[in-house]
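Undergrad: Predicted model and sequence below, questions to follow.
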Amino acid sequence: MFFVWGPHSSVSDLGVVADLCPQCAAVTPCRVFGKVEGAHIFFIPVASGITELAAVCGHCQKRFRCDINRYKTILPEFEAFSLSVEELLDRTNPTLKAKIEWSTKCEELGSDPRFTETLRSVEELRSGSLKTRLSKDLRAWNQLDEGQRLNLIGEASELTRAIKFATSISPQVPENAGCAIGILICLAIWGVAFFVPVSWDNGSLMGVALAGPLIGAVVYQFDVSRRVRLWTAETLVPEGRKAGINFRHFVALLDDLPPPNSRSTEVLKPLQEHAQIIREELSTLDVGVDRHASEALR
Ligand SMILES: [Zn+2]
């Protein structure tokens, strides 16, 4: 049967990159293929796109799945094979190149227990500007003088202790208990307005309808803030002192967390949501935190 219109599928040779083959563990030129799917009209492909990507290892010839976002660029065959593997890696896959260099350096410095201990501490940190900065300092380990190394070791160790403490204390942050108060206030305002024996015009009715949730939200925020401040002073600080954490580093971690996402199941989400209130409360207590504590870390 002849179809004027229908699905269209083909495999396209996209070019060559340098990659680490998961089958033979060689870093080698790999040919990248994309599965192109779309539709055709009179056998002319229209509205097509790459739905799947695979690479074929130039060493063992085996095929593995790959992600186009990993590559800076994909070079045409004639250009790729005029380069050495190192040059091809630099052009097409600089992230892998940096990873290999870093792993080589770790092996070289592996006999230094202070380096390996600090590396372990840094790896325990969440991705963020603190981890990026400490990793950068670690890469320059050989160029650091003794004082700088001691600072780096101390900072990495304090931050690791702080992240462990943050993870354990976060589920205890008071959360939505104040929500009920906000709803009650809102209902109370609506209820009083309903029973007041006056005739309401449309504007007044609209005003009362909006005032209920608005005042309820303000009361809710106030109540949450009060509870979190109390919890900071009565739970967070004593527990933190018991765990021996440095509160400046704890606040630096809070500042480094990404903004809270309502759908997140992240264990640090309660701390993320109330980070500003906690920081403000800590700055009023005698724990060595000021309002710009994280900036003072460096
Ligand atoms: Zn291979």
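TA: Right, received. Where do you want to start? Fair warning: this is a prediction, and the values are worked out from it, not measured in the lab.
Undergrad: Which strand or helix spans the residue of the stretch 151-298 of the chain found nearest the ion?
TA: Closest contact between the stretch 151-298 of the chain and the ion, by CB to the ion, is at Ala156 (36.3 Å). Quick note: C-beta positions are derived from backbone N, CA and C, even for glycine. Assigned by DSSP states H and E, Ala156 falls within helix 146-169.
Undergrad: Give me the nearest residue to the residue of the stretch 151-298 of the chain closest to the ion, chain neighbours excluded.
TA: Leaving aside its sequence neighbours, Ala156 sits nearest to Ser121 (CB to CB, 6 or more residues apart in numbering; 3.9 Å).
Undergrad: Determine the number of other residues adjacent to the one you found.
TA: 21 (other CB atoms under 10 Å).
Undergrad: please renumber so the chain begins at 59
TA: Yes, from this point I'll number from 59; that puts the last item at Ser179.
Undergrad: Output stretch 67-75 as PDB, restricted to C-alpha atoms.
TA: Listed next in PDB are the C-alpha coordinates belonging to stretch 67-75 (Å, rounded to 0.1, in the frame of the first residue of the first chain):
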ATOM      1  CA  SER A  67      13.200   6.600  10.900                       C
ATOM      2  CA  SER A  68      16.900   6.500  10.000                       C
ATOM      3  CA  VAL A  69      20.400   6.300  11.500                       C
ATOM      4  CA  SER A  70      22.700   9.300  10.900                       C
ATOM      5  CA  ASP A  71      26.500   9.300  11.200                       C
ATOM      6  CA  LEU A  72      27.200  12.500  13.200                       C
ATOM      7  CA  GLY A  73      31.000  12.400  13.300                       C
ATOM      8  CA  VAL A  74      33.800  11.500  15.700                       C
ATOM      9  CA  VAL A  75      34.600  12.400  19.300                       C
END
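Undergrad: hmm, back to that, by contact count, what packs against the helix holding Ala214?
TA: helix 171-182, helix 187-197, helix 295-301, helix 305-314 (3 or more CB pairs under 8 Å, 6 or more residues apart in numbering; DSSP states H and E).
Undergrad: quick one: it to helix 305-314, angle?
TA: Helix 204-227 runs at 70 degrees relative to helix 305-314, counting by axes from the mean of the first three to the mean of the last three CA atoms, to 10 degrees.
Undergrad: Buried residues, helix 204-227. List them.
TA: 207, 210, 213-214, 216-221, 223-224, 227 (16 or more other CB atoms under 10 Å).
Undergrad: Please apply the same query to stretch 79-99.
TA: Quick answer for stretch 79-99 (16+ other CB under 10 Å): Cys79, Val85, Thr86, Pro87, Cys88, Arg89, Val90, Phe91, Gly92, Val94, Glu95, His98.
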